[in-house]
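Colleague: here is the input, now give the coordinates:
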Amino acid sequence: MVQNYKYKNSKLPTSILSIFMSFLRLGTASFAGPANIKYIHRMSVEKNHWLNEDTFKNGIALCQMLPGSTAMQMSAYVGLKTRGIKGAVASFTGFGLPTFILMTILSAVYLKWHNLPILISLFTGLRAIIISIIAYATVSFGSNYLKKWKDIIIAIAAAVMFGFDANPVLVILTAIILGLLFYKNKNEQYLVDTPVNTTDESKLLSLLFSLPFILFIILFFLNNQLFEIATSMSRIALFAFGGGFAAVPLMFHEIVDVRLWMDSKTFLDGIALGQLTPGPTVITATFVGYLLNGFIGATVATLSIFSPPFLIIVGISPQFDRIKNSSYFKSALNGILSSFVGLLLSVFIKFTLDIQWNFILVSIASIAFIALLLKVDILWVVLSGIALSIILRIFRLL
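Modeller: Have a look, this model is predicted:
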């Protein structure tokens, strides 16, 4: 059922344009992978009151269990719960559009000049800020979800498993099992009636599910390479449990080893470019598509890598609502939320170890972390980091 939350102190429903613009703004500063969920929470629950706390927690659990970028899926989930399918399209598009535009521009620059070291060096300071964003999200979610020692055990176990590159599906299943064991609940189990979509919603949902098949058919007859790009990226998206970090090895195998579309060095350059953009790591698909077939290739690859997770969450969410009041589900939910904190912790450790720290970078990261604790808007933190990195580069201090 669509939860048509209102603006605070207003009787008007949230407009589709407002949802789009809010997520567009957030998407311009979404440098931190799953840590961005903290900022989606702040915007949708704390600031605009589109969702309540329980609904948002259920969304995290659902997105953790599905393939694709958790932050991207949460953007769709918030839009879906606020204004139905149209809201989901608006939030998902707004959140992902800045990343797509920037990655397309960077891909064009790469294709023409191949001169990335200077560009990457300008964002060294920004990477330190990204560490601060992830650290802040880890601390914030940890304080919210790790209430008992059992929660901490699950989080640590998940962090260790993620750290050793365990299959994300295995991590989530382990968290669910531990949640069921740790939080046994003898209360009565029950289901709620599945909300029935309106006729307009059902028609729109059917249209959304038919569009990918129509696109595949058109590309099959018009351009075989674009068809192969679309099918390859869609297949990768369907098996990318655990977000972008799980999708990268799948993409590498498909693009470099199987189809021989580019060598490993070029693909890794695309990964490096992806780290300079907001949004999920799977935006590397845009880079691959652009190098193979220009802007059209980039568009097809991007739509193909993001569409399956979007359609899955829009299609599954109503059934998820049916079981969310089960005590078994609530026990599993505790485990999943704790594993999400473990994921954030493992990402924080991984990114921290990848940076060659010095006094300047430690100072930048510390200041950014303090600013986030003081509730400074993440967009201003990121923009300040970019400006500071450029200034330090000019004076050869970074």
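
Colleague: can we go C-alpha only for contacts and neighbour counts from here?
Modeller: Fine.

Colleague: in the stretch 251-398 of the chain, where is pLDDT below threshold?
Modeller: For the stretch 251-398 of the chain, the stretches with pLDDT under 70 are 275, 321, 324.

Colleague: again, 90 this time
Modeller: 251-259, 263-284, 315-337, 339-358, 372, 375-398 (pLDDT under 90).

Colleague: could you do the stretch 101-250 of the chain as well?
Modeller: Where the stretch 101-250 of the chain drops to pLDDT under 90, the residues are 106, 109-138, 140-141, 143-145, 147, 162-173, 182-213, 215, 235-250.

Colleague: can you give me the helices for the stretch 151-300 of the chain?
Modeller: With DSSP state H, counting those that start in this stretch applied, the stretch 151-300 of the chain shows helices at 168-182, 199-222, 224-238, 244-252, 264-274, 284-323, listed in chain order.

Colleague: what's the closest of those helices to residue 14?
Modeller: Comparison of those against residue 14 by CA to CA identifies helix 199-222 as nearest, at 17.1 Å.

Colleague: show me what the closest one is packed against.
Modeller: helix 70-113, helix 224-238, helix 284-323 (3 or more CA pairs under 8 Å, 6 or more residues apart in numbering; DSSP states H and E).

Colleague: list the buried residues for that helix?
Modeller: 205, 208, 209, 212, 216, 219 (16 or more other CA atoms under 10 Å).

Colleague: distance to residue 381 for the residues you listed - can I get that in TSV?
Modeller: Shown next, in TSV, are the buried residues of helix 199-222 (distance: CA to CA, whole Å):
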residue	distance to residue 381
205	38
208	36
209	38
212	38
216	41
219	42
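
Colleague: tell me who's in contact with the residue positioned nearest the centre of the chain.
Modeller: In the chain, the C-alpha closest to the average C-alpha coordinate belongs to residue 71, at a distance of 2.7 Å (CA atoms, centre = their mean). Residue 71 is in contact with 33, 34, 35, 36, 37, 280, counting by CA atoms under 8 Å, 6 or more residues apart in numbering.

Colleague: next: residue 179.
Modeller: Per CA under 8 Å, 6+ apart, neighbours of residue 179: 331, 332, 333, 334, 335, 336.

Colleague: quick one: name whatever helix or strand follows the helix or strand where residue 347 lies.
Modeller: If you go by DSSP states H and E, residue 347 is part of helix 327-354. Downstream of helix 327-354, the next assigned helix or strand under DSSP H and E is helix 359-373.

Colleague: and that following helix, what other elements does it pack with?
Modeller: Other helices and strands packing on helix 359-373, by 3+ CA pairs under 8 Å, 6+ apart, are helix 124-145, helix 378-394.

Colleague: helices or strands up against the first one?
Modeller: To tie it back to what came earlier, the one meant is helix 124-145. Counting contacts by 3+ CA pairs under 8 Å, 6+ apart, helix 124-145 is packed against helix 37-41, helix 327-354, helix 359-373, helix 378-394.

Colleague: for the nearest residue to residue 248 once chain neighbours are set aside, grab the count of nearby residues.
Modeller: The spatially closest residue to residue 248, leaving aside those adjacent along the chain, is residue 282, at 6.8 Å (CA to CA, 6 or more residues apart in numbering). Neighbour count for residue 282, taken as other CA atoms under 10 Å: 26.

Colleague: gap between residue 282 and residue 252?
Modeller: Distance, residue 282 to residue 252, by CA to CA, to the nearest Å: 11 Å.

Colleague: repeat for residue 175
Modeller: 28 Å.

Colleague: neighbour count for these two, which is higher?
Modeller: residue 175 (27 against 18).

Colleague: check contacts around the nearest residue to that one once chain neighbours are set aside.
Modeller: Closest residue in space to residue 175, ignoring its immediate chain neighbours: residue 335 at 4.7 Å, by CA to CA, 6+ apart. Residues in contact with residue 335 (CA under 8 Å, 6+ apart) are 151, 154, 175, 176, 177, 178, 179, 180.

Colleague: where does residue 93 land on pLDDT?
Modeller: Turning to residue 93, the model gives it a pLDDT of 95.

Colleague: that one: how many residues sit nearby?
Modeller: Counted with other CA under 10 Å, residue 93 comes out at 20.

Colleague: that one against residue 19, yeah?
Modeller: No: Residue 93 is beyond contact range of residue 19, at 10.1 Å (criterion: CA atoms under 8 Å).

Colleague: which of the contacts of residue 335 sits closest to residue 86?
Modeller: Using CA to CA, residue 176 comes nearest to residue 86 of the contacts of residue 335, at 31.9 Å.

Colleague: ok, now which ones touch the closest one?
Modeller: 331, 332, 333, 335, 336.

Colleague: how much space separates it from residue 392?
Modeller: From residue 176 to residue 392 the distance is 47 Å (CA to CA).

Colleague: before we move on, what about residue 284?
Modeller: Taking CA to CA, one finds residue 284 at 28 Å from residue 392.

Colleague: looking at these two, which is more packed in?
Modeller: A direct count of neighbours by other CA under 10 Å for residue 284 and residue 392 places residue 284 higher, at 32 against 16.

Colleague: re the thing from before, in a markdown table: the contacts of residue 176, plus distance to residue 147.
Modeller: Below are the contacts of residue 176 laid out as a markdown table (distance: CA to CA, whole Å):
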| residue | distance to residue 147 |
| --- | --- |
| 331 | 14 |
| 332 | 15 |
| 333 | 14 |
| 335 | 12 |
| 336 | 14 |
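
Colleague: check those and tell me the two furthest apart.
Modeller: Top of the distance list for those (CA to CA): 331 and 336, 9.0 Å.

Colleague: so those two - more neighbours on which side?
Modeller: Between residue 331 and residue 336, counted using other CA under 10 Å, the more crowded position is residue 336 (30 against 20).
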